[in-house]
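Visitor: Just a sequence and a predicted model for now, questions to come.
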Amino acid sequence: MRKTLAIAAIGLVLVLTGCGKKDEGGNATAKPAGVEAPYTGQDWSQTVVKTADGGFRMGKADAPVKLIEYASLTCPHCRDFTKEAAATLKEKYVRTGKLSWEYRNFVLNPLDLAATLVVRCQGPDTFFPFAEQLYATQAEWLGKFNSVDEKQLQAMGALPQEQQRVKLIEVTGLDEFFKTHGVPAERINACLTDKAGVDEVLKLMDHGQKEMKVDGTPSFFIDGEKQEGVYDWKGLEAALRGRVS
């Protein structure tokens, strides 16, 4: 796979884990009983903060149910989950204050790290919209990455890591993506060369591996409990139904 070759060429040391394991259990999804009355209270999906652990949490801080998702921006299974789940999670669960949703970046490769740095350093207000837009266009920018020839990859690999990240954003067209969404070139470069930002992402990943036992993306936790065998919206929604009133 070309992505693996590119990672080796660029040489950034990251522990790679599996992206999207299949649900062997065939979780069933039950039909909700009855029709709920329209919600007219505060829209908690508009409240997003950066947490002490380094994730970005959408929703009410003291929501009775707390969902944590470890995910990668280059993971196709994470993309599929977001496409299937984001709207329902926000509308049905987060907006009403029943559940908070915290996204924690779990980077899988140098391109993932580069994109993650730019998204994170724009702050909480744009974190989820940027993540959703990157998932929606993932095939396009990953396709550009996979079309880079080996000679160019080797040349990139000879650069200092900060410059490697800048080149990765350029060859994938993500620099233009961010610019069209209001992030100027100077800001993009500042994010990509921010050592504190890199350290924060790697610390978040280290905590996920050592403390939370994350072994693939996406991984889900409900109230601190890892949802074993749950890697998609079908399985997660079934687990939430048993906890969210």
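Guide: Perfect, I can see it now. Numbers count the residues shown, from 1 in each chain.

Visitor: which residues of this structure fall in helices?
Guide: For the chain, the helices defined by DSSP state H occupy 2-10, 76-88, 110-120, 124-136, 138-146, 150-157, 161-171, 174-180, 185-192, 195-210, 233-241.

Visitor: any chance of these in CSV, with distance to residue 222 too?
Guide: (Each C-beta comes from the backbone N, C-alpha and C, glycine too.) Shown next, in CSV, are the helices of the chain (distance: least, CB to CB, whole Å):
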stretch, distance to residue 222
helix 2-10, 31
helix 76-88, 14
helix 110-120, 24
helix 124-136, 19
helix 138-146, 26
helix 150-157, 40
helix 161-171, 34
helix 174-180, 32
helix 185-192, 32
helix 195-210, 16
helix 233-241, 6
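
Visitor: Which of the ones you listed sits closest to residue 217?
Guide: With CB to CB as the measure, helix 76-88 is the member of the helices of the chain nearest residue 217 (5.5 Å).

Visitor: quick one: contacts for the residue lying closest to residue 224 once chain neighbours are set aside?
Guide: Closest residue to residue 224 apart from its sequence neighbours, by CB to CB, 6 or more residues apart in numbering: residue 66 at 7.5 Å. Contact analysis of residue 66 by CB atoms under 8 Å, 6 or more residues apart in numbering lists 99-100, 102, 222-224.

Visitor: For those, which entry has the maximal number of neighbours?
Guide: Taking other CB atoms under 10 Å as the neighbour criterion, residue 99 ranks highest of the contacts of residue 66 with 25 neighbours.

Visitor: That one contacts residue 244, correct?
Guide: Yes - using CB atoms under 8 Å, residue 99 is in contact with residue 244, at 5.9 Å.

Visitor: Overlap in contacts, those two.
Guide: By CB under 8 Å, 6+ apart, residue 99 and residue 244 have these common neighbours: 64-65, 93.

Visitor: Closest to residue 210 out of the residues you listed?
Guide: residue 65 (25.1 Å).

Visitor: Looks like the closest one contacts residue 223 (just checking).
Guide: Yes - using CB under 8 Å, residue 65 is in contact with residue 223, at 6.3 Å.

Visitor: what is in contact with those two at once?
Guide: Overlap of the contact sets of residue 65 and residue 223 (by CB under 8 Å, 6+ apart) consists of residue 243.

Visitor: about what we covered before: among the contacts of residue 66, which pair sits farthest apart?
Guide: 99 and 224 (13.8 Å).

Visitor: Roughly how far does residue 186 sit from residue 170?
Guide: As for residue 186, its distance to residue 170 is 14 Å (criterion: CB to CB, to the nearest Å).
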